[in-house]
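Undergrad: below are the sequence and a predicted model for it; my questions follow.
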Amino acid sequence: MAYQSINPYNGATLATFDDHDDAAMEARLQAASHCFANDWSERNYAERASVLKRAAALMRERSGELARLITLEMGKLLAQSAGEVALSAAIIDYYADHAEAFLAPQKLDAGGTDSVVESFPIGVLLGVEPWNYPYYQIARFAAPNLMAGNVVMVKHASNVPQCALAFAQLLQDAGAPDGAYTNLFISKDQISQLIDDPRIRGVALTGSEAAGAVVAARAGQNMKKTTLELGGSDAFIVLDDADLDQAVKCAVSGRMGNSGQACTASKRFIVVDAMAERFLDKFQAALAKFSAGDPLDAGTTLAPLSSERALDTLLDQVERAVGAGARVIMGGARVDRAGAFMQPTILTDITPANPAYKEEFFGPVALFFRVADEHAAVALANDSPFGLGGSVFTQDLERGKRVARRIDTGMVFINSEALTAPELPFGGVKHSGFGRELSAAGIQEFVNKKLIRVA
């Protein structure tokens, strides 16, 4: 696997890194195992927090250079890259501040006996992370688990190696001991070797459905706990009493943020008949205003996709959808200029027999569906292999909550696109994976909840 920085805006190769061979991987695993047993797990919460608080402070100090690396390696608009850096620092601070309370011993009412459940770290964890949010994805895996007393090894995506190294440097400069946080440039075969190794006690993956199935199967063979945050095809439901302007504004940001390359991006726009034409007209007009350009330029509104390969995949999906009867309302092609740019696109007339009906579109392609009423909207929203997030727009908040409870996903947002914050649990059901990250739930996944009872 080649670890390369290739700027998707101009195709320039910025840096290339050698893979870690088996000997180098073993040395890093030994260091991580030693660090857990002899150092990090023995520190108290305050000692761990001092390291993480320093890392968060360094992240803010280096915000400019860290944001620029994101933009150069995977093409995100610079302002959005800066927002990701700020969010990642906030997540690190959040767990430094709250881990001890989240993992506090729980006394049990057990017939008058002295019974308590205490939380203990389990050891070395492996994280397999994606390219679309190079710091945020790592922060939400590393911060809670480091604060719980585990140590982490991270295999980052091969197209963001400079971001991977920059994050590792933050922890090193913050005073983390050797082995507490380890960056790995390794192959898929080496990932399997690590999962098989008894020193690895748990595996977290954020990525594709296919990758999740492989990792979960391998971990299951080794009786190891996993968390999987996989794809999504989030429904964006607009009911007949919605505030139309608010719905359109959120639809644009929900579909176009990070050029549509987010698992929780709004992807299937399900609008009741009474609102459908007006919503579509306003949505199309808003998308038509996006302008491709250098993502480092503050005036650019449409960034490239992360790579030519990502663009080719999206174009192929659109072509297959149209071949199966879908209709292109706008866009549908690459932007006629250099760089991996996709036109903002709207597809409609998508039947259940169309492959697009069940697929995730990872880019600025919106699927538009017109339905008769609320019940039809919920049925269509749930007719998906995915179950990550979703949105409901209505001015009747009780109605919104009622609809939200009927949607089979891990998260539902009323009158907004999907949002993320340190205190909000993140995760899904069905083919979107299992387990939770962020909030109090995120620190509970890889700890031993040990019962201690005095007879």
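TA: Everything's here; your move.
Undergrad: how about the helices in the stretch 201-350 of the chain?
TA: 209-221, 244-256, 273-287, 308-323 (DSSP state H, counting those that start in this stretch).
Undergrad: turn those helices into a markdown table, including distance to Gly389, mean pLDDT and mean neighbour count.
TA: Quick note: C-beta positions are derived from backbone N, CA and C, even for glycine. Formatted as a markdown table, the helices of the stretch 201-350 of the chain follow (distance: least, C-beta to C-beta, whole Å; pLDDT from 0 to 100; neighbours: other C-beta atoms under 10 Å):
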| stretch | distance to Gly389 | mean pLDDT | mean neighbour count |
| --- | --- | --- | --- |
| helix 209-221 | 16 | 96 | 16 |
| helix 244-256 | 10 | 98 | 20 |
| helix 273-287 | 19 | 98 | 17 |
| helix 308-323 | 20 | 98 | 17 |
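Undergrad: including distance to Arg68, could those go into JSON lines?
TA: Below are the helices of the stretch 201-350 of the chain laid out as JSON lines (distance: least, C-beta to C-beta, whole Å):
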{"stretch": "helix 209-221", "distance to Arg68": "28"}
{"stretch": "helix 244-256", "distance to Arg68": "21"}
{"stretch": "helix 273-287", "distance to Arg68": "27"}
{"stretch": "helix 308-323", "distance to Arg68": "21"}
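Undergrad: quick one, which of the ones you listed is nearest to Cys163?
TA: Minimum separation from Cys163 across those (C-beta to C-beta) falls at helix 308-323, 16.6 Å.
Undergrad: what packs against that closest one?
TA: strand 345-348, strand 365-371 (3 or more C-beta pairs under 8 Å, 6 or more residues apart in numbering; DSSP states H and E).
Undergrad: one more pass at 7 Å, please.
TA: Using 3 or more C-beta pairs under 7 Å, 6 or more residues apart in numbering; DSSP states H and E as the contact test, the elements touching helix 308-323 are strand 345-348.
Undergrad: distance between the strand it packs on and the chain's centre?
TA: Chain-centre distance of strand 345-348: 24 Å, with C-alpha atoms, centre = their mean, to the nearest Å.
Undergrad: could you export that strand as PDB, CA atoms only?
TA: Provided in PDB are the C-alpha atoms of strand 345-348 (Å, rounded to 0.1, in the frame of the first residue of the first chain):
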ATOM      1  CA  THR A 345     -26.000  16.800  -9.100                       C
ATOM      2  CA  ILE A 346     -29.700  15.900  -8.400                       C
ATOM      3  CA  LEU A 347     -31.100  12.600  -9.500                       C
ATOM      4  CA  THR A 348     -34.800  11.700  -9.400                       C
END
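Undergrad: buried residues, it. List them.
TA: Thr345, Ile346, Leu347, Thr348 (16 or more other C-beta atoms under 10 Å).
Undergrad: where does the stretch 1-150 of the chain have low pLDDT?
TA: Low-confidence segments of the stretch 1-150 of the chain, defined by pLDDT under 70: 1.
Undergrad: can you map out the strands along it?
TA: Using DSSP state E, counting those that start in this stretch, the strands of the stretch 1-150 of the chain run over 3-6, 13-17, 106-107, 114-121, 124-128.
Undergrad: for the helices of the stretch 201-350 of the chain, which one sits closest to Ile6?
TA: helix 308-323 (8.6 Å).
Undergrad: list the contacts of the closest one.
TA: For helix 308-323, contacts defined as C-beta atoms under 7 Å, 6 or more residues apart in numbering pick out 305, 328, 332, 334, 340, 342, 345, 347, 350, 354-356, 359, 361-363, 365.
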